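1. Take a look and give me a structure for this.
(chains A and B)
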Amino acid sequence: MNRPLVSTVLVVATAALLGGCASSQATYVDPASTRTLSNVGEINVQDWNMASESMINSLISKHINSGSLKGSGPDGRAILAISRIVNNTSIQIDTDILVKKIRVALLGTGKVVADITAGLGGPEDPLAAEAKREQQFLGTQKVAGRPDYTLSGKIIENRTRQGNQRESTYVFQMALATRDGLAVWEEEKTITKQGKRAPVGW
Amino acid sequence: MNFHFVRVFATAALLALLGAGCQTVNTTETAQPAFQRNMVSEKRVITDASLARKVQILGVNVSDGPGGFLKVQAEVLNTTRRYQRFAYKWEWFDKDGNLVEGPSSVAVIRQVEGKESLFINGVAPNPSVRDFRLKLYENAR
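-> Down below sits the predicted model:
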């Protein structure tokens, strides 16, 4: 084989390899669609979406739309604070993915406001908490008191396997309690996913 | 070997194979239901005839609660004998026809057995919503 031909083949092969490296371009997908990736061992975007959709629909139709909501906040809106959301799964998750969606939806109803100065791990917004304390001390402005409702929840995982078929179940539980500690709304959403284990893998 | 026997056996085996993936549903309900649904007349825009043949909307009814939130329920029927997966998504509009977006406007995946009907429910994200649109998607995972 002559030398120019070998050089040409080498150049083409290098170009092909470099081209392959450059082809890992990202594609944007709508997170509200069914085009996002999902797997068995994790809570994926679609799972969070479906869990929050179910919780929001239930909370609006069973509690807010029935006229049961009582509030002491501005314009008679109910003041909501977020309590503990327990992660009882084997994976590390940020429960704010679920809670924030619910809060955004509740605020959007025009019937609820969220208190971001009250929280178990300290205030979500320390500056707002400081300003509220100042207002309360000076007494110059009427400041919203204790939250009317608190939202708490738990996420539970259950895994099972049969042959090379794997199944993961995630149970999302939420409750809304009044100042008296009475749960006035509760909901549970179960999401089950099945998939086959890869024939070779770790 | 008797040719007739082979033909009968092959047909039976083929029918058994075809029926293996099917699990259909029979439903019983009261002849005179205690409720009366407020059914709405709908306009259907079908862009995927394949999906429309498999999963069909039987009817849509709406109601309003004391809080003024529009509540919609659609009955969906799997017209085939096979298990189907589909996704749906609600879109909500105010009185001026503007889309009201929110975290609950997401595609929700549902599964339906052969010949089974099920209800899908949606509730408006706020009381200003006056109208809705329901979208069905095929090939949901």
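2. Okay, strands next: where are they in the chain?
-> Answering for chain A, as no chain was given. A:78-88, A:112-114, A:149-162, A:165-178, A:183-196 (DSSP state E).
3. I was thinking of chain B, sorry if that wasn't clear
-> Across chain B, reading from the start of the chain, the strands by DSSP E fall at B:55-64, B:70-78, B:84-94, B:99-100, B:108-112, B:117-123, B:129-138.
4. and the first one with strand B:117-123, angle?
-> Orientation of strand B:55-64 against strand B:117-123 (axes from the mean of the first three to the mean of the last three C-alpha atoms, to 10 degrees) gives an angle of 40 degrees.
5. Please name whichever of the strands of chain A is nearest to chain B.
-> Each of those was checked against chain B via C-beta to the nearest C-beta, and the shortest separation belongs to strand A:183-196, namely 9.2 Å. To be clear about C-beta, it is placed using only N, CA and C from the backbone, and glycine gets the same treatment.
6. Tell me how far that closest one lies from the chain's centre.
-> Taking the mean of its C-alpha atoms, strand A:183-196 sits 13 Å from the chain's own mean (C-alpha atoms, centre = their mean, to the nearest Å).
7. Redo the strands of chain B as JSON lines? Include mean neighbour count, distance to residue A:33 and mean pLDDT.
-> Written out in JSON lines, the entries for the strands of chain B read as follows (neighbours: other C-beta atoms under 10 Å in any protein chain shown; distance: least, C-beta to C-beta, whole Å; pLDDT from 0 to 100):
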{"stretch": "strand B:55-64", "mean neighbour count": "16", "distance to residue A:33": "18", "mean pLDDT": "91"}
{"stretch": "strand B:70-78", "mean neighbour count": "19", "distance to residue A:33": "19", "mean pLDDT": "94"}
{"stretch": "strand B:84-94", "mean neighbour count": "19", "distance to residue A:33": "8", "mean pLDDT": "94"}
{"stretch": "strand B:99-100", "mean neighbour count": "14", "distance to residue A:33": "16", "mean pLDDT": "94"}
{"stretch": "strand B:108-112", "mean neighbour count": "17", "distance to residue A:33": "11", "mean pLDDT": "94"}
{"stretch": "strand B:117-123", "mean neighbour count": "17", "distance to residue A:33": "17", "mean pLDDT": "95"}
{"stretch": "strand B:129-138", "mean neighbour count": "17", "distance to residue A:33": "8", "mean pLDDT": "92"}
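8. Turn the ones you listed into JSON lines, including distance to chain A.
-> Compiled in JSON lines, the strands of chain B are given as follows (distance: least, C-beta to the nearest C-beta, whole Å):
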{"stretch": "strand B:55-64", "distance to chain A": "8"}
{"stretch": "strand B:70-78", "distance to chain A": "6"}
{"stretch": "strand B:84-94", "distance to chain A": "5"}
{"stretch": "strand B:99-100", "distance to chain A": "8"}
{"stretch": "strand B:108-112", "distance to chain A": "5"}
{"stretch": "strand B:117-123", "distance to chain A": "5"}
{"stretch": "strand B:129-138", "distance to chain A": "6"}
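9. Include distance to residue A:135 when you put the ones you listed into JSON lines, please.
-> As requested, the strands of chain B are arranged in JSON lines below (distance: least, C-beta to C-beta, whole Å):
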{"stretch": "strand B:55-64", "distance to residue A:135": "39"}
{"stretch": "strand B:70-78", "distance to residue A:135": "38"}
{"stretch": "strand B:84-94", "distance to residue A:135": "35"}
{"stretch": "strand B:99-100", "distance to residue A:135": "34"}
{"stretch": "strand B:108-112", "distance to residue A:135": "43"}
{"stretch": "strand B:117-123", "distance to residue A:135": "36"}
{"stretch": "strand B:129-138", "distance to residue A:135": "35"}
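10. wait, which of the ones you listed is closest to residue A:179?
-> With respect to residue A:179, and counting by C-beta to C-beta, the nearest of those is strand B:117-123 at 26.0 Å.
11. CA-only coordinates of that closest one in CSV, if you can.
-> Output of strand B:117-123 as CSV, limited to C-alpha atoms (Å, rounded to 0.1, in the frame of the first residue of the first chain):
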residue,chain,number,x,y,z
SER,B,117,-63.2,2.7,30.6
LEU,B,118,-61.8,5.1,33.2
PHE,B,119,-62.3,8.6,34.3
ILE,B,120,-59.7,11.3,34.2
ASN,B,121,-60.3,14.4,36.4
GLY,B,122,-59.0,17.9,36.2
VAL,B,123,-59.5,20.9,38.4
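12. what lines up beside it in the sheet?
-> Based on DSSP bridges, the pairing partners of strand B:117-123 within the sheet are strand B:70-78 (antiparallel).
13. got the angle between the partner strand and strand B:129-138?
-> Angle between the axes of strand B:70-78 and strand B:129-138 is 20 degrees (criterion: the same axes, to 10 degrees).
14. and the angle for strand B:70-78 with strand B:108-112?
-> For strand B:70-78 against strand B:108-112, the angle between stretch directions is 40 degrees (the same axes, to 10 degrees).
15. CA atoms of strand B:70-78 as CSV?
-> Backbone C-alpha positions of strand B:70-78 (Å, rounded to 0.1, in the frame of the first residue of the first chain) are rendered in CSV as follows:
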residue,chain,number,x,y,z
LEU,B,70,-64.1,24.5,37.4
LYS,B,71,-63.9,20.7,37.7
VAL,B,72,-63.9,18.5,34.6
GLN,B,73,-64.2,14.8,34.3
ALA,B,74,-63.7,12.9,31.0
GLU,B,75,-64.6,9.2,30.5
VAL,B,76,-62.1,7.4,28.4
LEU,B,77,-62.6,4.0,26.7
ASN,B,78,-60.0,1.6,25.4
